[in-house]
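**Q** Pasting a predicted model and its sequence here:
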Amino acid sequence: MSSTWGPAILIVFSTSSDETSRSDFFKTCDAFGVIMTNNSSPYFNGINIDFGHTILICIYAVTMFFMIVLGCLCLNKYRSMKKTIRELRQRRPAVIPQVPSQDSPSPDVLKIPELPDRTKEDPLQRQQSKLSCRFPWKPPLQVPRFTKGDLSLIQLIKAGREGAFYKARIIRGTCNGHSLVICKIGKEGITSKQMENEVSIMRKLAYHKNVMQLLDWNTVEQPYMLLMEFISCGTLRSFVQKHKDELIADPELQSQFTIASYHIALAMEHLHSKMVVHSNLALRNILVSQFPWEVKVAEFGLARDLTRMRSRHSSRKKQYKERVPLRWYPPEYFRNNYYSSKGDVWAFGILLWEMQTFGTLPYPDLNTSEQVVYSICAGYRNTVPDTCRPEIENVMQDCWLDPYTSRPAFTHIVKILESIVERDGDYVDVDNQRIMNAREK
C-alpha cells in the first residue's frame, strides 16, 4: 500500500474462509486507499477514519458555492444598472432653445445664451467633452432667470459687506406682477453657494407681513442677484436719521418706536419658529414701508437653518473666518464661538438701543474691535438714554443678560410689547395737536 495517500481507513475484520471474495475485497480497498488487517474476531472490531482531508474538501465546496452565488448576484445587479442607464439616456429630453417670433414679441421672454461653436474648441476641450459624455446622466444646463441687463438700477438703498441693495425697475415685463423691486447684487467674492443658502432660507420662511419677500433670483452667473418686494422708505436706520427732528417733536414717538419694535419681534418670532437664526439683526437690516406699522426684516446672508446642521449644538457654532458685526454680537460668541437664537435676542436689545438713539453706532466710546470684544465680555453695556420709556429699557436689559440662558425668547418679548401697545391704544395724549385737529374735523 502506498504511503502517499492522505486519508486512510483502517478496517479490522475476522478471517473468512472464502479466499476468492477476500481477494476481490482487498483489491477494491487498495484502489481507495483502505488499509485492512486480519483479526480473529468474527466481526469488525473498530474503524479508524482520518477526516482531515474530507473537511478541507467540504470547506472548498462551500466556498465555491458562495462564490458562485455572489457572482450571480453581482451579474444581476450589473444588468439592472445597465438597464437603468439605458432608460435614463432614452428619457433625457433634448434642450432646444425657443426663439420668440418677431411677429408676436413677448416682453417676458428671457435671453437664451448662444451655444458655443464646437469647431473652435481646442483638442483638449473636445477630449474633455467626450469624457463628460461617458457619464450616464448630467443635469440640464441651467439658464439664468434674468440678468443685470433686464434691470434698470434707480437708486442705492444700502451697501453691506455681502452685497448692495438697489431700487430697480424691470425693463421687460414684470416679476410676479412687480415692476419696481429691490435688487440685491452680491459683491465680488460671494459664491453661488452662499447666495443659494440665502435663497433657501427666504423660501423656507415663506410669507410673513414683517419679513422681506423673495420674488426671483439668479445664482447661475455673476453678478448673483436677488429680487425682492419693493419697500419705499429704505432702511429704518436711515429713516430715523433723516427724520430725527420730526420724530423728536412728535409726542407719540415712544409709542411709535414700541409699535415698530413689536413688528420686528413678530418677524423674529416667525424666524425662530422655522428654526432659522438671523445672525445679523440690526437697524440697518430693517426696511420701512410705512413707519411704524410696516417694517420688515431683511438681509439673510448670515442666517442659518438649524434643521440642516448635523447637531443642534454644532449648528450654533459659527466659522472663525466669517466676518460678523461684532458690536451686535453676544459675549458667548467671543468666549466660545457660540451663536444661538438667544444671540438674536441680544442683537434685538442692541436694535432697540439704536432706535432710541436715532441710529447711533453701538458702544460709541469704543474705537477698536479689541476694545469692543473685551468690554462686552467684561460686562460693559450701552447706556440707555433718558428719553427711553422704562418698559423698553427693561426689555433691553433682559436681552443683554449673561449667561444667554437667562434671556427671554421672542415669544415672551412679543407678549410684553403687545401688552404695551394695547395699553398705549387705550390712552391718548390730550395735548397731542394732531388728535385735537382730527376731533374738530
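**A** Here it is on my side, so go on. Numbering: from 1, shown residues only.
**Q** OK, contacts around Q213?
**A** Residues in contact with Q213 (CB atoms under 8 Å, 6 or more residues apart in numbering) are 202, 207, 228-229. (Glycine included, C-beta is placed from N, CA and C.)
**Q** make it 7 Å
**A** Residues in contact with Q213 (CB atoms under 7 Å, 6 or more residues apart in numbering) are 207, 228-229.
**Q** So what touches the helix or strand that contains V240?
**A** Assigned by DSSP states H and E, V240 belongs to helix 236-242. Contact with helix 236-242 is made by 233, 247, 283-284, 286, 288, 291, 295, 354-355, 358-359, as judged by CB under 7 Å, 6+ apart.
**Q** Kindly tell me how buried the nearest residue to D402 once chain neighbours are set aside is, as a neighbour count.
**A** Excluding the flanking residues, the one nearest D402 by CB to CB, 6 or more residues apart in numbering is P331, at 5.6 Å. A total of 21 residues lie near P331 under the criterion other CB atoms under 10 Å.
**Q** now swap in E196 and tell me
**A** E196: 13 surrounding residues under other CB under 10 Å.
**Q** Can you tell me the SS state at it?
**A** helix (DSSP: H, G, I helix; E, B strand; the rest coil).
**Q** So it sits against T219, correct?
**A** Yes. Counting by CB atoms under 7 Å, E196 touches T219, with 5.1 Å between them.
**Q** Restricted to helices, list the contacts of helix 236-242.
**A** 247, 354-355 (DSSP state H).
**Q** Looking at those, spot the one nearest A267.
**A** M355 (14.8 Å; CB to CB).
**Q** residues contacting the closest one?
**A** 240, 257, 261, 283.
**Q** Quickly note the distance from the last one to H412.
**A** Going back to what we said before, that points to L283. 22 Å (CB to CB, to the nearest Å).
**Q** what's the single longest helix in the chain?
**A** Ranking each helix of the chain by length (DSSP H) puts helix 52-91 first.
**Q** any idea of the mean pLDDT in that helix?
**A** Mean pLDDT, helix 52-91: 84.
**Q** And it, what does it pack against?
**A** On a contact count with 3 or more CB pairs under 7 Å, 6 or more residues apart in numbering; DSSP states H and E, helix 52-91 meets no helix or strand.
**Q** still on that earlier bit, just curious, which of the ones in helices among the contacts of helix 236-242 is nearest to G52?
**A** For the ones in helices among the contacts of helix 236-242, the nearest to G52 is E354 (88.6 Å; CB to CB).
**Q** give the contact list for the nearest residue to the closest one once chain neighbours are set aside.
**A** Closest residue to E354 apart from its sequence neighbours, by CB to CB, 6+ apart: L283 at 4.1 Å. L283 makes contacts with 236-237, 351, 354-355, 359, as judged by CB under 7 Å, 6+ apart.
**Q** which one of those residues has the most neighbours?
**A** Of the contacts of L283, with other CB under 10 Å as the count, L351 tops at 28 neighbours.
**Q** Hmm, that one is touching A282, no?
**A** Yes. Using CB under 7 Å, L351 makes contact with A282 at a distance of 6.1 Å.
**Q** and the helix or strand hosting K204, what does it pack onto?
**A** Under the criterion of DSSP H and E, K204 resides in helix 192-205. Applying 3+ CB pairs under 7 Å, 6+ apart, one finds that helix 192-205 makes contact with strand 214-218, strand 276-277, strand 304-305.
**Q** repeat that for 10 Å
**A** strand 163-170, strand 180-186, strand 214-218, strand 225-229, helix 253-273, strand 276-277, strand 304-305 (3 or more CB pairs under 10 Å, 6 or more residues apart in numbering; DSSP states H and E).
**Q** Relative to L366, which of these is closest?
**A** Evaluated with CB to CB, the helices and strands packed on helix 192-205 place helix 253-273 nearest to L366, the distance being 24.6 Å.
**Q** Switch the contacts of L283 over to CSV; also include pLDDT.
**A** Compiled in CSV, those are given as follows (pLDDT from 0 to 100):
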residue, pLDDT
L236, 96
R237, 96
L351, 98
E354, 97
M355, 97
G359, 95
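**Q** Identify, from those residues, the entry nearest to T405.
**A** Ranked by distance to T405 (CB to CB), the contacts of L283 are led by L351 at 21.0 Å.
**Q** my guess is the closest one meets T360, correct?
**A** No. Using CB atoms under 10 Å, L351 is not in contact with T360; the gap is 12.0 Å.
**Q** domain ranges for this protein?
**A** Annotated domains of the chain cover 1-72, 145-230, 233-437 [automatic domain parsing].
**Q** which of the ones you listed has the lowest average pLDDT?
**A** Across the domains of the chain, domain 1-72 has the smallest mean pLDDT, namely a mean of 60.
**Q** show me what contacts the residue nearest to D402?
**A** Each residue near P331 by CB atoms under 10 Å, 6 or more residues apart in numbering is listed here: 338, 343, 346, 373, 375-380, 400, 402-404.
**Q** same check, this time on Q356
**A** By CB under 10 Å, 6+ apart, the contact set of Q356 is 240, 253-254, 257, 261, 382, 384-389, 392-393, 396.
**Q** hmm, back to that, format the ones in helices among the contacts of helix 236-242 as JSON lines; extra columns: distance to C72.
**A** Shown next, in JSON lines, are the ones in helices among the contacts of helix 236-242 (distance: CB to CB, whole Å):
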{"residue": "L247", "distance to C72": "82"}
{"residue": "E354", "distance to C72": "72"}
{"residue": "M355", "distance to C72": "74"}
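**Q** thinking again about what came up before, R327 versus the residue nearest to E354, what's the distance?
**A** From L283 over to R327 the distance is 12 Å, taken as CB to CB.
**Q** Overlap in contacts, those two.
**A** With CB under 10 Å, 6+ apart as the test, L283 and R327 both reach 350, 354, 362.
**Q** could you measure the first one against I392, distance?
**A** The gap separating I350 from I392 is 13 Å, by CB to CB.
**Q** Could you pull out the buried residues of stretch 376-389?
**A** Residues of stretch 376-389 classed as buried: 376, 381-382, 384, 388-389 (neighbour count, 16 or more other CB atoms under 10 Å).
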